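Colleague: 3D, please:
(one chain, ligands or ions: 1)
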Amino acid sequence: MSENTEKDLRCERVRLLLSRAADAVATAEQRAEIDAHLPECADCRAARAADEAVRARLAELASVPPGFGEQVLAAARHQAAVARSQNRFLMAAAVAAVLVAAVTVLWRGGGTSLDSAPTSHEATRALIASNLAERGR
Ligand SMILES: [Zn+2]
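Modeller: Here you go, the predicted structure:
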C-alpha cells in the first residue's frame, strides 16, 4: 500500500470520527485518535472547520425566533374567530331565507305551499344544507 493511500484511509477514518465527535457519540479512544491526527493533517483540520461552519449555520436556521409560538397561537385564534363569525353569518342567512319563504307563502294566501314557491324554497334548502355542512367540519 502506498504512503498516499494509507494517509487517505487514515483521513477517511478520522473524518468519520469527526462526525461522531460533532454528534457527541465518539468514544474516548476515537477522540484521542482525532487529537493525534489533526495536528499533522491540514486537510482534516479544514474538513473539521467546514463541518463546524455547516453545523453552526444549520443550528441557526433551525432555531425558532423569539415570540414565534405566540404568533402561531394568535393566528390560530384569529382563524377560529373568523370561522365562528362565518358560521353565524350562514345561520343568519338561513333564518332570513326561511323568513322570506314564509312571507312569500303568507303573501300568496294560506292555500299556497312551499312547493309552489320553488325559488325561495330551493334557496332556503341550499342555505340550510351549506350551513349544516359548515357545522359538520
Ligand atoms: Zn487527515
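
Colleague: what's the spacing between Leu132 and Ala126?
Modeller: Going from Leu132 to Ala126 by Cβ to Cβ, to the nearest Å gives 11 Å. Yep, even glycine has a C-beta here, placed from its N, CA and C like the rest.

Colleague: Give me the helices and strands touching the least confident helix or strand in the chain by mean pLDDT, please.
Modeller: Ranked by mean pLDDT, DSSP states H and E, the weakest helix or strand in the chain is helix 118-136, scoring a mean of 79. Contact partners of helix 118-136 among helices and strands, from 3 or more Cβ pairs under 8 Å, 6 or more residues apart in numbering; DSSP states H and E: helix 68-108.

Colleague: what's the helix it packs on packed up against?
Modeller: Going by 3+ Cβ pairs under 8 Å, 6+ apart, helix 68-108 lies up against helix 118-136.

Colleague: how distant is whichever strand or helix holds Ala36 from the center of its chain?
Modeller: Under the criterion of DSSP states H and E, Ala36 resides in helix 28-37. Centroid separation for helix 28-37 versus its chain: 41 Å, with Cα atoms, centre = their mean, to the nearest Å.

Colleague: Give me the distance from stretch 74-86 to the chain's centre.
Modeller: The answer for stretch 74-86 is 18 Å, by Cα atoms, centre = their mean.

Colleague: buried sites along it?
Modeller: Buried residues in stretch 74-86, counting neighbours by 16 or more other Cβ atoms under 10 Å, are absent.

Colleague: which ones are touching Gln30?
Modeller: 17, 20-21 (Cβ atoms under 8 Å, 6 or more residues apart in numbering).

Colleague: List only buried entries from these.
Modeller: The buried subset of the contacts of Gln30 - by 16+ other Cβ under 10 Å - is 17, 21.

Colleague: I'd assumed Thr124 was in contact with Val98.
Modeller: Yes. Under the criterion of Cβ atoms under 8 Å, Val98 makes contact with Thr124 at 5.5 Å.

Colleague: Of those two, which one has the most company?
Modeller: The residue with more neighbours, out of Val98 and Thr124, is Thr124; 22 against 17, by other Cβ atoms under 10 Å.

Colleague: From Leu106, how far off is the more buried one?
Modeller: To Leu106, Thr124 is 15 Å away according to Cβ to Cβ.
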